[in-house]
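> got a predicted structure here, sequence first:
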Amino acid sequence: VLVPEMSFGWPATWVPAGAKLKSEEGEVKTSTSGEQVLEFTFEPEIDPNNDRLELWEQKVTGSEQHIAENRAKQASASVKNMMRFFELDKVICWDLSWGIWECVRSGDGQTDEEGFPKFTVNGSAFPMSLSVPPAVNAQAFNELATPLTTSQLKATLQEAQGYYLQGGSTYTMSLFHNMWNCQQSSDASCGHKLLLLELLKKGELFYMGHSAGAIMSGENILTATWKCIDAFSHSVQPYNSAYVKLPPSETSETFFLPLEKKNDLFESRMHMLAKMRQYFAWDGFKVVEVLTFPHYDSRPTFASFPQSAATYLAATDDKGFFQQDHGTMVVGRKKDEERHEPEDMKSLRESTNAKKIPTLLIANGHSVVLHASGTKVEFAMSPEEEGQPGPLHWDTYMPLVSDKRFAEYAVKPGEGPRTKFSAGAISRTGVAGERSMEGDYRGGRVVPRLQALGLPSPAVGEEGLFQK
């Protein structure tokens, strides 16, 4: 059931069939226009193979203008954060469904009211809106992007010292990277992915990946099918066409579904599968010889969204090698009776099983460091909190730290930058991972995997958020 966007500013809501009302009383909330509304919460059955296409259409074409607005917000925020916290003078930002922004820090050292450095975008002033508080002018920012070309992608890599691939939809990210990678040769033998790998092996570049960007670092992106949160077929919906610029090998007619088939889950998934197959888009960057599973969430509730711990434990062996016996990407017209794993997906899954690839679990807030083409974790890094005995346990999902003024990252005069979060920042809301071997969940199964993968490992049944 799709509850449409409300006139007073409440966003569209998609309520799956069979969802159960959590409370008949509801909760009083205030809308963006200041009106009091009563909000009801439904708890749906989790269906990782429903792409929520009707909701996506409302987000893209409705007042939210999700693709256009989010593109500008994500790109500009990434540049601002990297310039400030990595102390960079120049960031070149790619959006492979749109264009390139070359951002250069102002030479006079000026900052905005939040302390972020000011910078130019492709030689022009950063475009701000007239809203209060001011924000990026999405239309103007998007219009500043220069067109993508394969030569420009390669030139960027040869100029850069580091390459950061951020999060998002792994499927969309991989498809557009691999489409562009195939523009000079249909077999992807001379694209930007190969150049990236060569530069990494020479030590001329480093790779940093977050979320989908971490998944993309491996041989393939099969672990994206475990996440249960990426919608597979958003990319090929026809109403996206006004907000997407395609590579030369594609046209709107070949890439997007016909309008009459929009939001048809089966047709959408089959069309997306065909594009993934055409451009080898199940392939990752292959910068390391491991697979990665981010957002590992071992909170002590079996049904924790997105059930990621249970999914990881079911698809790896006790040494942490990829061993997925049942597919998590299925297609079909009916949920239970006719859905099946596509043959090429099954073949890829089985061949990956045979390779015994180490599969690293990474909970939110943690990170790993490997050598290019490496199979072994060199460093595993976790957040620390003042007053606690050690870093956060590796299997514990770091809670969101509310820090709108960036106080946790402030440099105090005479003291330098912080090395730990402030007291209570994590422990006030954090929930330790489940490490027992009792009950249906048996979260303690993670311990031998951590030990085999060379990651920090608590003892089975050990309590607490922090390592001792």
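Right, received. Where do you want to start?
> for the rest of this, base every contact and every neighbour count on C-alpha atoms.
Will do.
> what about the closest residue to residue 412 other than its chain neighbours, how many neighbours?
Closest residue to residue 412 apart from its sequence neighbours, by C-alpha to C-alpha, 6 or more residues apart in numbering: residue 418 at 8.0 Å. Counted by other C-alpha atoms under 10 Å, the residues lying close to residue 418 total 13.
> over to residue 387?
By other C-alpha under 10 Å, neighbour count at residue 387 equals 11.
> could you verify my assumption that it touches residue 423?
Yes - here residue 387 lies in contact with residue 423, judged by C-alpha atoms under 8 Å, at a distance of 6.4 Å.
> any idea which element residue 289 lies in?
Using DSSP states H and E, residue 289 sits within no helix or strand.
> how much space between it and residue 219?
7 Å (C-alpha to C-alpha, to the nearest Å).
> do residue 146 as well
In terms of C-alpha to C-alpha, residue 146 sits 31 Å off from residue 219.
> the two - which one has more neighbours?
Between residue 146 and residue 219, residue 219 has the larger neighbour count (other C-alpha under 10 Å), namely 20 against 15.
> with adjacent residues omitted, what lies nearest to that one?
residue 286 (4.5 Å).
> now swap in residue 261 and tell me
Closest to residue 261 by C-alpha to C-alpha, 6+ apart is residue 267, at 6.9 Å.
> neighbours of residue 139, how many?
Neighbours of residue 139 (other C-alpha under 10 Å): 14.
> any figure for the gap between it and residue 168?
Residue 139 is 21 Å from residue 168, by C-alpha to C-alpha.
> and what of residue 89?
Counting by C-alpha to C-alpha, the gap from residue 89 to residue 168 is 25 Å.
> can you check residue 433 too?
For residue 433 relative to residue 168 (C-alpha to C-alpha), the value is 25 Å.
> of the two, give the one with the bigger neighbour count.
Using other C-alpha under 10 Å, the more surrounded residue of residue 433 and residue 168 is residue 433, with 26 against 13.
> got the CA coordinates for the longest helix along the chain in PDB?
Looking across the chain with DSSP state H, the single longest helix is helix 66-85. The C-alpha trace of helix 66-85 is given here as PDB (Å, rounded to 0.1, in the frame of the first residue of the first chain):
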ATOM      1  CA  HIS A  66      15.600  12.900  -4.700                       C
ATOM      2  CA  ILE A  67      18.200  12.200  -7.500                       C
ATOM      3  CA  ALA A  68      18.800  15.900  -8.300                       C
ATOM      4  CA  GLU A  69      18.800  17.100  -4.700                       C
ATOM      5  CA  ASN A  70      20.700  14.200  -3.200                       C
ATOM      6  CA  ARG A  71      23.300  14.300  -6.000                       C
ATOM      7  CA  ALA A  72      24.200  17.900  -5.100                       C
ATOM      8  CA  LYS A  73      24.000  17.400  -1.300                       C
ATOM      9  CA  GLN A  74      26.100  14.200  -1.300                       C
ATOM     10  CA  ALA A  75      28.800  15.500  -3.700                       C
ATOM     11  CA  SER A  76      29.200  18.900  -2.000                       C
ATOM     12  CA  ALA A  77      29.100  17.500   1.500                       C
ATOM     13  CA  SER A  78      31.800  14.900   0.600                       C
ATOM     14  CA  VAL A  79      34.100  17.500  -0.800                       C
ATOM     15  CA  LYS A  80      33.600  19.800   2.200                       C
ATOM     16  CA  ASN A  81      34.300  17.000   4.700                       C
ATOM     17  CA  MET A  82      37.300  15.700   2.900                       C
ATOM     18  CA  MET A  83      38.800  19.200   2.500                       C
ATOM     19  CA  ARG A  84      38.300  19.900   6.200                       C
ATOM     20  CA  PHE A  85      39.100  16.700   7.900                       C
END
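> packing partners for that helix?
helix 53-61, strand 90-95, helix 138-143 (3 or more C-alpha pairs under 8 Å, 6 or more residues apart in numbering; DSSP states H and E).
> just so I know, which of the ones you listed lies nearest residue 34?
helix 53-61 (21.8 Å; C-alpha to C-alpha).
> what angle separates the closest one from helix 66-85?
70 degrees (axes from the mean of the first three to the mean of the last three C-alpha atoms, to 10 degrees).
> list the buried residues for helix 53-61?
53-60 (16 or more other C-alpha atoms under 10 Å).
> where's residue 60 relative to residue 75, distance?
Distance from residue 60 to residue 75, by C-alpha to C-alpha: 18 Å.
> count the residues that sit near residue 96.
23.
> is the residue lying closest to it once chain neighbours are set aside in a helix, a strand, or coil?
Counting by C-alpha to C-alpha, 6+ apart, residue 96 lies nearest to residue 176, which is 6.0 Å off, once chain neighbours are set aside. Taken by DSSP: H, G, I helix; E, B strand; the rest coil, the conformation at residue 176 corresponds to helix.
> again, but for residue 431
Residue 431 - assigned by three-state DSSP - is coil.
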